[in-house]
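In: what follows is a protein structure lacking sequence information:
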C-alpha cells in the first residue's frame, strides 16, 4: 500500500461520540498513519429529524481529546470540501437525477400509512420487511402526472431482483448477498435531503476515499452501495466492517448497562491515553502479549488483517485497571493538576493547597479514575470516626490494640502539636513502653484513624489531620472498643 490511502470517519451529529464510533475513528486514524495516508472527517447531517444542535462540535472536541487527528475536515479544510453534507445537497440531487434518467432509480409515491400496512402483512406472513415494488412498475406518464399534481415522493434505488452481490471484505473475506432479499433503498427523501446511502457513496467518490472502515451494522448496506457505484460508473473503495462492541452478557453495547459516550469517560476522569489504548484492543490484537501502547506504537503495530470478526466485550474492569496504571505513571505535578478538579467536585471544604496536594498524593495509588478520589479521600474530611471493615473490627478487638491506643493517647495528650517527626518518635515510645512491635503496633493506630487496614501512609494522615482530630478519632475508637 502507498500514500494514496485515503480513509474517512463520517459521524452523524445526533448527540455524543459513542465509544464504538471512537473505535471506528481510531482504526481509520491508525490505518491512515501506518500507511502515511490521509484521514478525512466528514459530518453526515442529512437526517434532519435526528440532528442535535452543538453535537458536531462535541464530536470534534471528543476526537481532539482522544488525540485522533484528521487531515481534512470542517475545521481543517482540504481539497474536497465542504465536509458537511448539508452543504453538498446540489451534488446529491445531480446524481439522484442521473440515476433516475438511467433507469437505475425510480419515484415512489407510497404513503407512510401504506408502507406500514405492507410491513404488517409481511410480518404476519413471516416475510423479511422490504418494499414491495409497487411504484417500481409505474409508467413514465403516471409518474409525471403525479409529480405535476404535487404528490409527495421519494427516490428509490432499483436493485436487481435476481442474482447475487459478492464483495471482498478486508476483515471477513468474501461476503455474498442474495439480491432478491435486498430492499429498494430510499435515496432521496420527500424533503429533498439524501439518505445516508446516496450521500455516502457520492462523497466517498468525490473525496477519493480508498478504504471504508466502519461498523458491521453497515454490512447489509454494501450491496446497495455497490449498486450505486456501478450505476454511476464509479470504482468502489475497499471495505472493512468492524465487529460489534458487546456488553459482558454478549448483548450489543448500550447505555442500559453502562456508559457508552466518550464524554462520560472524560467527565469521570479517564485519561485519553488509557481510553485509546483500551479501545484499540477491542477487536484488534498485535499478535503479542503487549497490552500497553503509546500512540506511536499503535500506529506502528496496527494492521487491518489482525482485526477479528467476532464481537469484542467492553470490560469496564480492564479499562479501570488500565486507566489506574496510566494515572500512577503521571508526573507529580501533572497528577495533581489532573486530580485536583475531581477532589473539588466532591464538595469537600478543602484545606490549604499544601495539605490538599498531600491528600492527593496520599490516595492516588488507590484510584482507577479521577471521580474516585472523592471516596478515596473521604477519611481526610470526616468529623466522625467509624469502622469500615469487619477485618479491621476484628483486629481492633485484640488486647494488644487496646494497650497500644491507650498508650498512644497518653503520649499524644502531652504534645503541643503533632507532626510527622514527633509522630514517629511517639510510636517508638509506645513500642518501648508496651513491648508491642510491627503490625500489632501500627495497625491499631491506622484503624483508629481511617477505619480500614489499608490506605494512605499514616504520617501523611497524621499531618493532614493535626493533633486535635487524631486525638478525637483515637478517643472515639477506644469508646467503640468499650462497647464492642
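Out: Thanks, I have the structure now. Given the structure is predicted, the values throughout are model-derived calculations rather than measurements.
In: out of everything not next to it in sequence, what's closest to residue 223?
Out: Distance criterion C-beta to C-beta, 6 or more residues apart in numbering; nearest residue to residue 223, sequence neighbours excluded, is residue 165 at 3.9 Å. The way it works is simple: take the backbone N, C-alpha and C, and place the C-beta from them, glycine included.
In: what residues does the one helix or strand the one you found maps to touch?
Out: For residue 165, the host element (DSSP states H and E) is strand 164-169. Around strand 164-169, the neighbours that count as contacts under C-beta atoms under 8 Å, 6 or more residues apart in numbering are 174-179, 182, 219, 222-223, 226-227, 236, 238-241.
In: next SSE downstream of that strand?
Out: Next element after strand 164-169 (DSSP H and E): strand 173-178.
In: which secondary structure elements does that following strand contact?
Out: If you count contacts as 3 or more C-beta pairs under 8 Å, 6 or more residues apart in numbering; DSSP states H and E, strand 173-178 packs onto strand 164-169, helix 222-231.
In: the first one: which residues count as buried?
Out: Judged by neighbour count using 16 or more other C-beta atoms under 10 Å, the buried positions of strand 164-169 are 165, 167, 169.
In: pLDDT score for the last one?
Out: Meaning residue 169. Note on residue 169: pLDDT of 98.
In: show me what it is bridged to.
Out: residue 173, residue 239 (DSSP bridges).
In: okay, now the unreliable bits of the stretch 101-250 of the chain?
Out: Residue ranges of the stretch 101-250 of the chain with pLDDT under 70: none are present.
In: what are the boundaries of the strands in it?
Out: 105-108, 154-157, 164-169, 173-178, 186-188, 211-215, 238-242, 245-246 (DSSP state E, counting those that start in this stretch).
In: can you put those in CSV and add distance to residue 16?
Out: Converted to CSV, the strands of the stretch 101-250 of the chain look like this (distance: least, C-beta to C-beta, whole Å):
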stretch, distance to residue 16
strand 105-108, 34
strand 154-157, 30
strand 164-169, 28
strand 173-178, 31
strand 186-188, 27
strand 211-215, 16
strand 238-242, 19
strand 245-246, 15
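In: which one of those lies nearest to residue 478?
Out: Of all the strands of the stretch 101-250 of the chain, strand 245-246 sits nearest to residue 478, with 52.5 Å by C-beta to C-beta.
In: I'd like the next helix or strand past the closest one.
Out: The helix or strand immediately downstream of strand 245-246 is helix 262-268, counting by DSSP H and E.
In: give me the helices and strands touching that following helix, please.
Out: Secondary-structure packing of helix 262-268 (3+ C-beta pairs under 8 Å, 6+ apart): helix 19-34, helix 55-66.
In: could you dump the ones you listed to CSV with mean neighbour count and distance to residue 318?
Out: CSV is the format used below for the helices and strands packed on helix 262-268 (neighbours: other C-beta atoms under 10 Å; distance: least, C-beta to C-beta, whole Å):
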stretch, mean neighbour count, distance to residue 318
helix 19-34, 24, 13
helix 55-66, 19, 18
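In: ok, of these, where does mean pLDDT dip lowest?
Out: helix 55-66 has the lowest average pLDDT among the helices and strands packed on helix 262-268, namely a mean of 94.
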